[in-house]
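Engineer: turn this into a model:
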Amino acid sequence: MLRFARKANDNRAESTSGLPQISLAPAARAQPSRLPTLAATALTVAVLYLAHEVFLPLALAILLTFALAPVVSRLRRAGCPRSVAVIGTVTMAFLFLSAFSVIVAMQISEVAQNLPTYQYNIVEKVRTLKEAGSENQVLERISRVMERISAEISRPEPEARVSPEPEPERRPVLVEIFSPERPIETLKNIVNPLLGPLATTGLVIVVVIFMLFEREELRDRFIRLVGYGDMHRTTEALQDAGVRVGRYLLMQLVVNVTYGVPLAIGLWLLGIPYATLWGMLAIVLRFVPYIGPVIAAALPLFLAFAVAPGWSLLVWTGALFIVLELLSNNVVEPLLYGSRTGLSPLAIIVSAIFWTWLWGPAGLVMSTPLTVCLVVLGRHVPQFEFLEILLGNEPVLDPKERLYQRLLAGDPEEATDIAEEMLEEKYLVEFYDTVAVPALLLAERDRARGALTDTQAVQLAESAGTLVANLEEIAGEEEGEDEDPAAEAADQDEADGYDLPLGEGRSVLCIGGRSELDDVTATMLSQIIWIQGAEVAFAGHEALKPGNIRSLAVEGRNAIVVAFLDRDSMRHAKFIVRRLKRVAPQARIGIALWQESRQPETEAGARLADELQADFLVSAMVEAVREALSDEAPRPLKLGHPKIGRRTPARRSRRNEKGGKTPAGETAG
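Structural biologist: Purely as a prediction, here's the structure:
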């Protein structure tokens with residue numbers, strides 16, 4: 001008989017058998033207040049917004065440092081001095097950016113000058129569309145409505161006159177005479193708008209150079225300032241941020257180049273003017289997530305609409321963009337991206353909106369790498385964990401927690417979708433062992449501490465039963481698999497210990513222990529045994545009641561397995577084993593006491609099995625299948641020694657023959 005000791009500090013039941021325990025009442029831990037973190041976040045956003053003229057160049061310099069640092073490191077490893085590597089890399093990078101900007105500016109100027117020449121084609125096509133829609137008169141109605149709205153807006157408001165007033169006196173018109181500007185004033189008007197961008201560019205260049213020169217020193221100072229008490233976590237965070245941001249910027253540049261160059265060539269072959277401009281703009285605009293490719297495609301499409309009198313050029317241009325997008329998204333990006341940025345698609349859109357509001361177009365371009373830094377911050381700093389939860393793409397719930405939540409919500413269909421997604425990489429027995437049974441253990445834990453009512457437990461068991469029934473088709477597919485030896489050997493290596501014996505000629509009965517949740521686990525076990533080719537039957541926990549146990553179909557069974565989720569049921573299991581051994585002495589009687597992890601057999605487990613007088617005691621689905629299909633012989637039931645004042649089996653037998661009564665707790669078969 002098991003004895004449990006209750007610890008006062010964590011309310012955790014601990015068995016004298018030494019087996020792992022399930023915490024039935026987790027200790028309530030005081031959650032730290034998130035108000036200081038939220039206040040600090042709001043203050044940071046306000047400072048970034050108000051001081052954007054300072055932080056925007058600094059953020060741009062940090063991102064460029066992340067992008068250029070790998071190049072500098074490679075030059076250093078090749079033997080270049082630090083000064084040559086840093087200055088050479090920065091100079092080449094900014095010369096390239098400057099040449100790129102000059103070419104784009106010149107091309108845009110030429111487009112603006114030649115745009116009036118396309119006015120005739122635009123008017124003709126609009127007229128064609130108007131004639132095509134004349135039957136339905138849709139365009140005409142829209143045109144009339146727009147004309148009425150325009151006339152209403154431009155109509156002058158009548159002046160309300162209370163009484164006639166004398167005609168105002170005519171006043172002289174003021175005339176201002178402008179003299180030709182002086183050369184110095186003209187120069188100021190040209191230079192002043194350029195001072196701001198030039199100053200920002202110079203500041204960024206200087207900061208990037210100093211950051212590359214002092215990269216190791218800055219890293220050490222940051223560690224001493226922020227994470228000196230936890231150097232391992234701080235170092236890991238810095239490396240994670242550097243790798244993610246640097247890889248994203250470099251790989252995104254390569255992807256954009258492989259998109260922009262073929263686009264420029266294709267537009268040139270189609271005859272679109274300024275094809276080089278549109279290819280270069282596509283390279284830049286694709287740094288902007290989702291919105292950039294649309295803008296990059298809109299301008300050439302409009303030009304294709306305006307240049308040619310027909311519609312074929314527009315169609316071919318649209319087809320070119322579609323083909324390049326499909327190739328870039330489905331071929332180039334998967335090949336070049338060794339790992340993703342770690343952001344969810346929704347987080348990318350929201351971050352683009354946020355950084356655009358904060359810093360304008362420059363914030364839109366830098367939104368993704370800046371958000372990557374925030375996700376890294378949330379991953380390594382506990383106070384900002386909510387950033388990784390909100391913005392990251394990693395699952396925030398364990399598979400067992402996701403499955404339990406769906407079953408608790410009464411949604412077996414989505415639970416089936418979760419299971420089928422996992423079964424693409426797992427065997428069914430592995431899914432039951434590592435996900436489904438642990439999910440039901442969470443339910444049993446909540447039921448034991450009163451968080452899950454009996455009604456909710458029954459509903460959850462029904463949803464779990466529906467899940468098991470939905471997976472029966474997959475079980476049939478696994479049962480009918482006939483693989484060649486090479487494939488079977490490869491799968492054997494991948495199974496990682498989930499190799500099971502065949503069950504031909506074996507007959508097993510699986511029974512739920514004390515609740516509907518136990519019944520579900522017994523159904524799962526019976527399904528796996530059936531896959532192995534054995535004859536299997538299932539019975540619910542109601543069949544183990546004293547009045548029903550003799551009606552069980554135990555004839556010819558080689559093994560009977562009783563499944564339990566609750567460790568407090570071990571005393572009840574002891575009586576069940578004795579009753580089953582009386583009605584089925586030829587069968588091996590086993591107890592499956594499910595645990596969240598596969599536990600190796602220990603001396604404590606063997607002692608518990610001896611105490612229960614069970615032929616085997618297991619804690620995992622794989623072990624239960626192996627024991628149920630084992631060829632070992634059952635061990636006989638050990639009867640207790642007679643004591644004074646207690647009837648011996650012979651006395652009870654004689655008394656029953658005289659009185660026609662059965663032993664207590666049993667019914668006549």
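
Engineer: who does the helix ranked longest in the chain touch, helix- and strand-wise?
Structural biologist: Using DSSP state H to define each element, the chain has its longest helix at helix 231-270. For helix 231-270, the packing partners by 3 or more Cβ pairs under 8 Å, 6 or more residues apart in numbering; DSSP states H and E come out as helix 52-77, helix 215-226, helix 275-285, helix 312-327, helix 333-336, helix 367-380. C-beta: built from backbone N, CA, C; applies to glycine.

Engineer: can you tell me which of the ones you listed is nearest to residue 444?
Structural biologist: helix 367-380 (32.3 Å; Cβ to Cβ).

Engineer: which outside residues touch that closest one?
Structural biologist: For helix 367-380, contacts defined as Cβ atoms under 8 Å, 6 or more residues apart in numbering pick out 59, 63, 66, 233-234, 236-237, 240-241, 244-245, 248-249, 287-289, 341-343, 347-348, 351-352, 354-356, 363, 384-389, 391-392.

Engineer: just to revisit the earlier point, what comes up buried for the longest helix of the chain?
Structural biologist: By 16 or more other Cβ atoms under 10 Å, the buried positions in helix 231-270 come out as 234, 237-238, 240-242, 244-252, 255-256, 258-260, 262-264, 266-267, 270.

Engineer: circling back: can you redo the helices and strands packed on helix 231-270 as a markdown table with mean pLDDT?
Structural biologist: What follows is these, written out as a markdown table (pLDDT from 0 to 100):
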| stretch | mean pLDDT |
| --- | --- |
| helix 52-77 | 84 |
| helix 215-226 | 73 |
| helix 275-285 | 85 |
| helix 312-327 | 88 |
| helix 333-336 | 67 |
| helix 367-380 | 80 |
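
Engineer: now render these as CSV, adding distance to residue 468 and mean neighbour count.
Structural biologist: Converted to CSV, the helices and strands packed on helix 231-270 look like this (distance: least, Cβ to Cβ, whole Å; neighbours: other Cβ atoms under 10 Å):
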stretch, distance to residue 468, mean neighbour count
helix 52-77, 50, 18
helix 215-226, 50, 12
helix 275-285, 51, 22
helix 312-327, 41, 16
helix 333-336, 36, 12
helix 367-380, 36, 22
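
Engineer: export the ones you listed to TSV and tack on distance to residue 440?
Structural biologist: TSV is the format used below for the helices and strands packed on helix 231-270 (distance: least, Cβ to Cβ, whole Å):
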stretch	distance to residue 440
helix 52-77	46
helix 215-226	43
helix 275-285	51
helix 312-327	44
helix 333-336	37
helix 367-380	31
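
Engineer: which of those helices sits closest to residue 537?
Structural biologist: Closest among the helices and strands packed on helix 231-270, using Cβ to Cβ: helix 333-336, at 48.5 Å.

Engineer: check contacts around residue 436.
Structural biologist: Counting by Cβ under 8 Å, 6+ apart, the residues that residue 436 touches are 400, 403, 419, 464, 467, 524.

Engineer: and it, how far from residue 416?
Structural biologist: Going from residue 436 to residue 416 by Cβ to Cβ, to the nearest Å gives 11 Å.

Engineer: can you list the weak-confidence ranges in the stretch 501-650 of the chain?
Structural biologist: Scanning the stretch 501-650 of the chain for pLDDT under 70 picks out 597-605, 639-650.
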